[in-house]
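> structure of the sequence below:
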Amino acid sequence: MSRMKPLSIDDCQDEELKKEFNHFMNTLGFVPNSLLTMQRVPAIAKSVIQMNKAVFSPNGQVDLGFKRLVAHIASQAAGCQYCKAHTSVSATRFGISEEKMRDVYTYNQSPLFSNKERIALDYALAAAAVPNDVTDELYGRLCEHWNEEEIVELLGVIGMFGFFNRWNDSMATPLEEEPLAAAEHLIADKGWSVGKHR
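Presented below is the predicted three-dimensional model:
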């Protein structure tokens, strides 16, 4: 059960923020309840939206669907069921096949993942761990496959989801219908459950 009820879009008193909500309507088809809760302090919500736009910019070098898989593995490390549901729906929305989404938990053995993708997901798991588990050896392997700009993009995703994981787990943010349906379809048999997010 939610610890703080999300407000509605109509409750938003900040016209600039209300316009920013359209970004999520266009990319996800809904405004996340996390942002509807954050809107109580519009400056925080607007800053988070700007970071989200930068991290998931279509002008980046890293594939937008793969960035969602990176976010999913980072959220797996943090144990955030809300973000795992969100990234399962957004990964498939941005071109990741359902089969690949289902295989993300066994990416090191799955033929659907390249060596380049595997090392990035290893990095996501280590970077999202608390305490941080990135070693010089792991970073060296990452640099063999990804350039510096791509690494900044990858860590941008991981860092942003560190915030989202903590926010949504601490607030017990209620999960919206679309990510709930996607998670039940794609990852429920991998140990996912809605838990406190309903």
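> could you find the closest non-adjacent residue to Cys83?
Nearest residue to Cys83 in three dimensions, chain neighbours excluded: Ser75, at 3.8 Å (Cβ to Cβ, 6 or more residues apart in numbering). No exception for glycine: its C-beta is placed from N, CA and C like everyone else's.
> so the one you found is in which element?
Taking DSSP states H and E as the criterion, Ser75 maps to helix 64-78.
> put the alpha carbons of that helix into CSV.
Extracted in CSV, the C-alpha atoms of helix 64-78 (Å, rounded to 0.1, in the frame of the first residue of the first chain):
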residue,chain,number,x,y,z
LEU,A,64,17.2,3.3,-26.1
GLY,A,65,15.8,-0.2,-25.6
PHE,A,66,19.1,-1.5,-24.2
LYS,A,67,19.3,1.4,-21.8
ARG,A,68,16.0,0.1,-20.3
LEU,A,69,17.6,-3.3,-19.9
VAL,A,70,20.5,-1.6,-18.1
ALA,A,71,18.0,0.1,-15.9
HIS,A,72,16.2,-3.2,-15.3
ILE,A,73,19.4,-4.9,-14.1
ALA,A,74,20.3,-2.0,-11.9
SER,A,75,16.8,-2.2,-10.4
GLN,A,76,17.2,-5.9,-9.9
ALA,A,77,20.3,-5.2,-7.9
ALA,A,78,18.4,-2.7,-5.8
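> residue ranges of the helices in this structure, please?
Along the chain, the stretches classed as helices by DSSP state H are 15-27, 33-38, 42-55, 64-78, 81-93, 98-103, 115-128, 136-145, 148-171, 177-186.
> tilt between the last one and helix 81-93?
Computed with axes from the mean of the first three to the mean of the last three Cα atoms, to 10 degrees, the direction of helix 177-186 lies at 80 degrees from that of helix 81-93.
> export helix 177-186 to PDB, keeping only CA atoms.
The C-alpha trace of helix 177-186 is given here as PDB (Å, rounded to 0.1, in the frame of the first residue of the first chain):
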ATOM      1  CA  GLU A 177      -1.900  -0.900 -14.900                       C
ATOM      2  CA  GLU A 178       0.400  -1.100 -18.000                       C
ATOM      3  CA  PRO A 179       3.600  -1.900 -16.200                       C
ATOM      4  CA  LEU A 180       1.800  -4.300 -13.900                       C
ATOM      5  CA  ALA A 181       0.400  -6.200 -16.900                       C
ATOM      6  CA  ALA A 182       3.800  -6.200 -18.600                       C
ATOM      7  CA  ALA A 183       5.600  -7.500 -15.500                       C
ATOM      8  CA  GLU A 184       3.000 -10.200 -14.900                       C
ATOM      9  CA  HIS A 185       3.300 -11.300 -18.500                       C
ATOM     10  CA  LEU A 186       7.100 -11.000 -18.900                       C
END
